[in-house]
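Asker: Have a look at this prediction, sequence included:
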Amino acid sequence: MIYCLSRLASYAIPNDVISHYLKLYRYIGRNDEFLNMLDLDYETFVAQTIREDSFFIKELLKLSIKEDRVKSLILKNAKPQTHDEKVLTRIKEAMIKMHENIDSFELIANEIVSLHQFIYKDIAKPEDLSFDRLKKADDKVKSLLDSKTVSKRSELEALVIKYQEGIDKHGFEKGFVAAAFYLDFVSLHPFMKYNETISYLMLYLLLLNSEYRCFHVVSFFEKLAAHRIAFKEILEESLKNHKEGVSSPIPLHRFLLQITHEAYQEMHGVIKNYTFDHQFNKTDYLENSVNRLPEVFTKEDLRHLHPTVSDSTINRTLNRLKDEGKISPLGKGRSAKWMKHHSKPKKPNLEQMKLKF
């Protein structure tokens, strides 16, 4: 196979991608400043982000879990009962470890294998967790005892080496190398089953390692889910010509830069809200946020803007606004929405407008 990671130096970086770099690295240069502003609540923000990521990766992987059970698993750490519930719980645990160890992260093939085993142990058959095999290139001299295939483990190990070389030896932008690794991993399809789960998690991990620290505060998988159609189209187009060696990671990289820039802008807003939360009455400030939200909004929209505000405070604010006739509920549960009501301006009292001489 001809991999994108083998041809990194051959790709010409377009001007629009360079422009994305300039915008993005203005934020990346302030990573420490942004995260330090969260002070002692930093871990609270990360925990909230991981919960959001867990919910949206469940959507992307189409895991069959009822809504009330998803909430119990993500928010209350309920004990999983089905295979899909175990998968979601372990994905969440894996993401927690990724955030904890990102500063000392080093990509190793064995770690990818361990991640695969960790998520699907005692769920899948052993043969489903083994490596797939790759057809050998034709040789002129063959032995009858020679196998016509080779394990894809060696190919995965080669990809890991090329990923590290792309960063350490050649100095390519980390997000660019991460996009190339993701395409190569998806094309290689190293394991017999469950490659999609591991590919998502590897992309997530490599972007965190690319200094895209906005994804500590803003859900990466929420962004991916919001743009899932565009992501799918870009991925299909790239993989179509991958085996012929004419694919390029640049369209995928451009897409990832765009959603990362969006995430940094959102993180900037979240941190701004956080600093205000410490200066004003929380319920009043929540009401101001409601006024800035669309006409129809969800409780999750408020929680996303104010991750350190407790559920009880949000519920109390929503109920107060409902009692005051400013909003009304539409449905129930996690997907329930709220609709804002705007009071009509009072008609002027014509009698009071008459001038008296």
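Answerer: Great, that's in hand.
Asker: Export stretch 172-187 to CSV, keeping only CA atoms.
Answerer: These are the backbone C-alpha positions of stretch 172-187, laid out as CSV (Å, rounded to 0.1, in the frame of the first residue of the first chain):
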residue,chain,number,x,y,z
PHE,A,172,5.4,19.0,9.7
GLU,A,173,2.5,20.6,11.5
LYS,A,174,1.1,18.0,13.9
GLY,A,175,-2.5,18.3,12.8
PHE,A,176,-1.4,17.7,9.2
VAL,A,177,0.4,14.5,10.2
ALA,A,178,-2.6,13.5,12.3
ALA,A,179,-4.9,13.8,9.3
ALA,A,180,-2.6,11.7,7.2
PHE,A,181,-2.3,9.0,9.9
TYR,A,182,-6.1,8.9,10.2
LEU,A,183,-6.6,8.3,6.5
ASP,A,184,-3.9,5.7,6.4
PHE,A,185,-5.3,3.9,9.5
VAL,A,186,-8.8,3.9,8.0
SER,A,187,-7.5,2.6,4.7
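Asker: contacting residues for the residue nearest the centre of the chain?
Answerer: Among the residues of the chain, the one closest to the centroid is F220, at 1.8 Å (C-alpha atoms, centre = their mean). Shown in contact with F220 (C-beta atoms under 8 Å, 6 or more residues apart in numbering): 53, 204, 207, 259, 263. (C-beta placed from N, C-alpha, C; glycine too.)
Asker: Could I get the pLDDT score of it?
Answerer: Per-residue confidence (pLDDT) for F220: 98.
Asker: same question, the one 3 residues further on
Answerer: Here, the pLDDT recorded for K223 equals 96.
Asker: Let me know how buried the nearest residue to it once chain neighbours are set aside is, in neighbour terms.
Answerer: With sequence-adjacent residues excluded and distances taken as C-beta to C-beta, 6 or more residues apart in numbering, K223 is closest to I259, at 4.4 Å. A count of neighbours around I259, defined by other C-beta atoms under 10 Å, yields 22.
Asker: begin at 53 from here
Answerer: Happy to do that; since the first residue is 53 now, the last one works out to I311.
Asker: so who does I311 touch?
Answerer: Residues near I311 by C-beta under 8 Å, 6+ apart: 272, 275-276, 279.
Asker: which residues touch the nearest residue to Q169 once chain neighbours are set aside?
Answerer: Spatial nearest neighbour of Q169, chain neighbours left out: L181 (6.2 Å); criterion: C-beta to C-beta, 6+ apart. Residues in contact with L181 (C-beta under 8 Å, 6+ apart) are 168-169, 172-173, 243-246.
Asker: tell me the least confident of those?
Answerer: Among these, K173 carries the lowest pLDDT, at 91.
Asker: Quick check: of the contacts of I311, which has the highest neighbour count?
Answerer: In terms of neighbours by other C-beta under 10 Å, the contacts of I311 top out with F272 at 26 neighbours.
Asker: Once you drop chain neighbours, what's closest to D174?
Answerer: Leaving aside its chain neighbours, D174 sits nearest to K138 (8.0 Å; criterion: C-beta to C-beta, 6+ apart).
Asker: Check the burial of the one you found by counting its neighbours.
Answerer: Neighbour number of K138 under other C-beta under 10 Å is 18.
Asker: just to revisit the earlier point, in helices, which of the contacts of F272 fall?
Answerer: 105, 256, 259, 311, 315 (DSSP state H).
Asker: Quick one: mean pLDDT for stretch 120-131?
Answerer: 92.
Asker: Now do it: everything it contacts.
Answerer: Outside stretch 120-131, the residues that reach it (C-beta under 8 Å, 6+ apart) are 103, 106-107, 110, 117, 132-133, 137, 140-141, 144, 385-386.
Asker: tell me which residues in it are buried?
Answerer: By neighbour count on 16 or more other C-beta atoms under 10 Å, the buried set for stretch 120-131 is 121-126.
Asker: re earlier: next step: the contacts of stretch 120-131 restricted to helices.
Answerer: Going by DSSP H, the helices hold 103, 106-107, 110, 137, 140-141, 144 from the contacts of stretch 120-131.
Asker: Rebuild those as JSON lines, extending it with distance to K334, neighbour count and pLDDT.
Answerer: Shown next, in JSON lines, are these (distance: C-beta to C-beta, whole Å; neighbours: other C-beta atoms under 10 Å; pLDDT from 0 to 100):
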{"residue": "R103", "distance to K334": "20", "neighbour count": "18", "pLDDT": "95"}
{"residue": "S106", "distance to K334": "26", "neighbour count": "22", "pLDDT": "97"}
{"residue": "F107", "distance to K334": "24", "neighbour count": "23", "pLDDT": "95"}
{"residue": "K110", "distance to K334": "30", "neighbour count": "23", "pLDDT": "97"}
{"residue": "E137", "distance to K334": "34", "neighbour count": "21", "pLDDT": "97"}
{"residue": "L140", "distance to K334": "31", "neighbour count": "24", "pLDDT": "97"}
{"residue": "T141", "distance to K334": "32", "neighbour count": "18", "pLDDT": "97"}
{"residue": "K144", "distance to K334": "28", "neighbour count": "19", "pLDDT": "97"}
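Asker: Just send those back as CSV, with distance to D336 too.
Answerer: CSV is the format used below for the ones in helices among the contacts of stretch 120-131 (distance: C-beta to C-beta, whole Å):
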residue, distance to D336
R103, 26
S106, 31
F107, 29
K110, 35
E137, 39
L140, 37
T141, 38
K144, 34
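Asker: hmm, which two among these are most spread apart?
Answerer: For the ones in helices among the contacts of stretch 120-131, the maximum inter-member distance is 15.2 Å, found between R103 and E137 (C-beta to C-beta).
Asker: now P381: how far from T369?
Answerer: Per C-beta to C-beta, to the nearest Å, P381 is found 13 Å from T369.
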